[in-house]
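>>> Pasted the sequence and its predicted model underneath.
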Amino acid sequence: MARNLDMVIFDWNGTLIDDVWLSVNALNGIMEKRKLKPITTEFYREHFCFPAINFYREISLDVNNDWDDIVREFTENYENGVDKVKLFPDVIPVLDELKKQGLKLGILSVMEHNTLNRHVKTLRIAQYFDFIQGTEDFSGGTKTHLCKKILEQSGVGKERILFVGDTFHDYETASENGCRAALISRGHNTVEKLRISGASIFPSLQNLAETLKSEL
């Protein structure tokens with residue numbers, strides 16, 4: 001998988017940061033306000049998808065008439081707990097190792113761009129990345145178009161780029177842009193949901209890094 005690899009692009013939520021619990025809490029705040037049954041972490045990981053509006057519709061939120069309020073409330077609920085979100089324990093060792101191997105590193109996330117940059121700086125890992133790219137707003141849309149933009153600007157052939165994420169949409173983003181994909185199964189989707197993609201799946205970033213090191 002790692003032969004002729006020059007760049008690794010990471011997803012953020014659920015890939016580098018351990019924030020599934022916060023997303024579930026933020027959603028359940030919305031559900032409680034509307035007197036809807038809360039969701040479990042297991043249900044969330046089994047069903048969550050992008051664009052997020054499709055998932056919100058599945059859990060009975062009125063996205064046709066209440067979408068702007070839902071986005072605003074989720075953002076507020078998430079931001080209220082974001083200071084408690086931590087990197088997965090293996091993130092910094094893996095980033096160190098990949099930089100030693102001479103790879104370019106980047107982040108591509110559906111998190112709003114300015115918020116993403118602040119969060120990366122707060123967690124003190126901005127220095128590892130050649131670029132950090134978020135989306136235009138907080139609506140939980142797709143990032144396929146942003147990946148295309150990054151590839152065009154990178155100067156790196158798409159076949160020499162690995163996209164690392166934790167959701168089926170990360171596989172879609174990589175696949176639609178001609179990149180290879182590696183999926184980490186401890187984030188926002190279960191391993192069973194990820195297997196549908198046919199992509200390489202790893203239980204942790206450390207396991208992925210060990211594979212890359214052996215193949216470079």
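Arrived safely. Residues are numbered from 1 along each chain as shown.

>>> quick one: low-confidence parts of this structure?
Residue ranges of the chain with pLDDT under 70: 1-3, 137-141, 215-216.

>>> What is the longest helix of it by residue count?
Counting by DSSP state H, the longest helix found in the chain is helix 63-81.

>>> Just list what it packs against, helices and strands only.
If you count contacts as 3 or more CB pairs under 8 Å, 6 or more residues apart in numbering; DSSP states H and E, helix 63-81 packs onto helix 20-33, helix 52-58. (Each C-beta comes from the backbone N, C-alpha and C, glycine too.)

>>> Just the CA atoms of the last one, as CSV, please.
Taking C-alpha atoms only, helix 52-58 is exported to CSV below (Å, rounded to 0.1, in the frame of the first residue of the first chain):
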residue,chain,number,x,y,z
ALA,A,52,-24.6,14.7,8.1
ILE,A,53,-28.1,15.9,7.2
ASN,A,54,-28.9,12.4,6.0
PHE,A,55,-28.1,11.0,9.4
TYR,A,56,-30.0,13.7,11.2
ARG,A,57,-33.0,12.9,9.1
GLU,A,58,-32.7,9.2,10.1
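
>>> mind checking how far the residue in the chain sticking out farthest from the centre is from L61?
The centre of the chain is farthest from one residue, K35, which by CA atoms, centre = their mean lies 29.2 Å away. Separation of K35 from L61 (CB to CB, to the nearest Å): 12 Å.

>>> and if you look at K37?
12 Å.

>>> what about those two, which has more around it?
L61 (20 against 10; other CB atoms under 10 Å).

>>> could you say what helices and strands the longest strand along the chain packs with?
In the chain, taking DSSP state E as the definition, the longest strand is strand 104-112. In terms of contacts (3+ CB pairs under 8 Å, 6+ apart), strand 104-112 is packed against strand 7-10, helix 91-100, helix 113-122, strand 131-135, helix 144-154.

>>> Which elements pack onto the first one?
Taking 3+ CB pairs under 8 Å, 6+ apart as contact, the helices and strands that strand 7-10 lies on are strand 104-112, helix 144-154, strand 161-165.

>>> what distance separates the second one from the centre of its chain?
Read it as helix 144-154. Distance of helix 144-154 from the chain centroid (CA atoms, centre = their mean, to the nearest Å) equals 16 Å.

>>> burial count for E32?
Neighbour tally, E32, other CB under 10 Å: 11.

>>> separation between it and L95?
37 Å.

>>> Tell me how many other residues surround the residue lying closest to G29 once chain neighbours are set aside.
Counting by CB to CB, 6 or more residues apart in numbering, G29 lies nearest to N77, which is 4.4 Å off, once chain neighbours are set aside. N77 has 19 neighbouring residues, counting by other CB under 10 Å.

>>> tell me the most buried of the helices and strands packed on strand 7-10?
Most buried of the helices and strands packed on strand 7-10 by mean neighbour count (mean count of other CB atoms under 10 Å) is strand 161-165; its value is a mean of 26.
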